[in-house]
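Novice: build me a model:
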Amino acid sequence: MDALHPDDCAMDDWRAALAAGEPFEKEARLRRADGEYRRFLLRFVPLRDERENIVEWYATSTDIEDLKQAEEELRRREARLRDAQMELAHANRVTATGQLAASIAHEVSQPIAAALTNANAARRWLGALPPDLEEVRQAVGRIIRDGRRASDIVGRIRALVRKAPPRTDQLDINEVMLEVIALTRSELRSSGTSLQTQLADGLPRIAGDRIQLQQVMLNLILNGVEAISGSSETERELLISTEQDGPGGVLISVQDSGPGLKPESLDRLFDAFYTTKPDGMGMGLSICRSIIEAHGGRVWATTNLPHGAVFQFTLPPQAASAS
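Specialist: Numbering: from 1, shown residues only. Down below sits the predicted model:
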């Protein structure tokens, strides 16, 4: 016992293990001749006589210090990798939001302009003789409505770009999708893209991180709009749909009418640093895959006949999700 590290030689623990009379193992630090402690896996097996009495114990000791250090280094590297992935995902969200800057400014300016119009109308009604208080009341109500709309838009943007640890909430996937569509509405309009939605009713709620899933949807929508913008097809259409996927899961699809995907790229689209864009970095879809797989789902792409591409991902039932 003198060779054991002081923190590992509590006699009560050893007595309890030996008193049970069953094989057991313990990890403990043993002191070498030079005074350094190394971790060992100690295994103990009793030898019994014909009356089942323990006559002696056999023990083996295996030096596991190098193994433990390797495990700890692996955990540190995994933690650093997770931190790097979070940093990269955050940068990707900020980049995507930057691409939407003009659209976001337009979305915010609309309710602000409407509120100013209603404020001027309310002032005119107040200046009338006699003042039309009912018209003023209605105008003030519209100002409040428009102010809340602008606040909601700003709130969604702040939520999307903020740097926060992942969290798990019970989500209505249609609601999450509509919030992203609201941010991209002006981008769709300016690119001449017609958006259609087919959102199934009664979908089960999904356990996941709202911001991360919105990032996936935002990336897929922007990719679809970019593909359509580079297409020679006269019809510029984007179809977003949701449906139930088995018991408790959901399937989300983003379908565009762009030039489509080359067969040789289908298996590599979600690989890091692989891109089909001249100025692309090849990280957006890779991050999407990481997020979806962290939620217990999967993501893939197929060709859309007669032209275009379909990006789909699944999210499993609540019990299977792990954000």
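
Novice: sketch out the helices for the protein, chain order is fine.
Specialist: 11-19, 65-99, 101-127, 133-161, 173-190, 210-229, 284-294 (DSSP state H).

Novice: buried ones in the shortest one?
Specialist: To tie it back to what came earlier, the one meant is helix 11-19. 14, 17 (16 or more other CB atoms under 10 Å). C-beta here means a position set from N, CA and C on the backbone, and glycine is covered the same way.

Novice: and that helix, what does it pack onto?
Specialist: strand 24-31 (3 or more CB pairs under 8 Å, 6 or more residues apart in numbering; DSSP states H and E).

Novice: contact partners for D63?
Specialist: 38-40 (CB atoms under 8 Å, 6 or more residues apart in numbering).

Novice: cutoff 7 Å now
Specialist: 38, 40 (CB atoms under 7 Å, 6 or more residues apart in numbering).

Novice: could I get the pLDDT score of it?
Specialist: At D63, the predicted lDDT confidence score is 92.

Novice: out of the helices of the chain, which is closest to A59?
Specialist: Nearest of those to A59, taken as CB to CB: helix 11-19 at 10.9 Å.

Novice: so where is the stretch 151-300 of the chain shaky, pLDDT-wise?
Specialist: Along the stretch 151-300 of the chain, the parts satisfying pLDDT under 70 run over 153, 156-166, 230-234, 263-266, 268, 272-284.

Novice: ok so, going back, format the helices of the chain as TSV; extra columns: distance to E235.
Specialist: Converted to TSV, these look like this (distance: least, CB to CB, whole Å):
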stretch	distance to E235
helix 11-19	74
helix 65-99	23
helix 101-127	22
helix 133-161	29
helix 173-190	14
helix 210-229	9
helix 284-294	25
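
Novice: nearest to G249, of those helices?
Specialist: helix 173-190 (10.2 Å).

Novice: buried residues in the closest one?
Specialist: Buried, per 16+ other CB under 10 Å, within helix 173-190: 173-174, 176-177, 179-181, 183-184, 186-188.

Novice: also stretch 44-58?
Specialist: Using 16+ other CB under 10 Å as the test for burial, stretch 44-58 gives 44, 46.

Novice: before we move on, back to that, among the helices of the chain, which is nearest D49?
Specialist: Comparing the helices of the chain by CB to CB, helix 11-19 comes nearest, at 16.8 Å.

Novice: and the closest one, average pLDDT?
Specialist: Mean predicted confidence for helix 11-19 is 81.

Novice: which residues are in contact with it?
Specialist: 24, 26.

Novice: again, only using 10 Å
Specialist: Helix 11-19 has contacts (CB atoms under 10 Å, 6 or more residues apart in numbering) with 1, 4, 8, 10, 23-26, 28, 42, 44, 46, 54, 57.

Novice: which of the residues you listed count as buried?
Specialist: By neighbour count, with 16+ other CB under 10 Å, the contacts of helix 11-19 hold 4, 8, 28, 42, 44, 46 as buried.

Novice: could those be laid out in JSON lines, adding pLDDT?
Specialist: Formatted as JSON lines, the buried ones among the contacts of helix 11-19 follow (pLDDT from 0 to 100):
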{"residue": "L4", "pLDDT": "84"}
{"residue": "D8", "pLDDT": "82"}
{"residue": "A28", "pLDDT": "88"}
{"residue": "L42", "pLDDT": "90"}
{"residue": "F44", "pLDDT": "92"}
{"residue": "P46", "pLDDT": "92"}
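
Novice: can I get the residues you listed in CSV including distance to G258?
Specialist: Below are the buried ones among the contacts of helix 11-19 laid out as CSV (distance: CB to CB, whole Å):
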residue, distance to G258
L4, 68
D8, 64
A28, 63
L42, 64
F44, 67
P46, 72
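
Novice: and of the helices of the chain, who's closest to P247?
Specialist: Nearest to P247, of all the helices of the chain, is helix 173-190, at 15.6 Å by CB to CB.

Novice: what helices or strands is the closest one leaning on?
Specialist: When contacts are defined as 3 or more CB pairs under 10 Å, 6 or more residues apart in numbering; DSSP states H and E, helix 173-190 sits against helix 65-99, helix 101-127, helix 133-161, strand 194-199, strand 206-208, helix 210-229, strand 237-245, strand 249-256.
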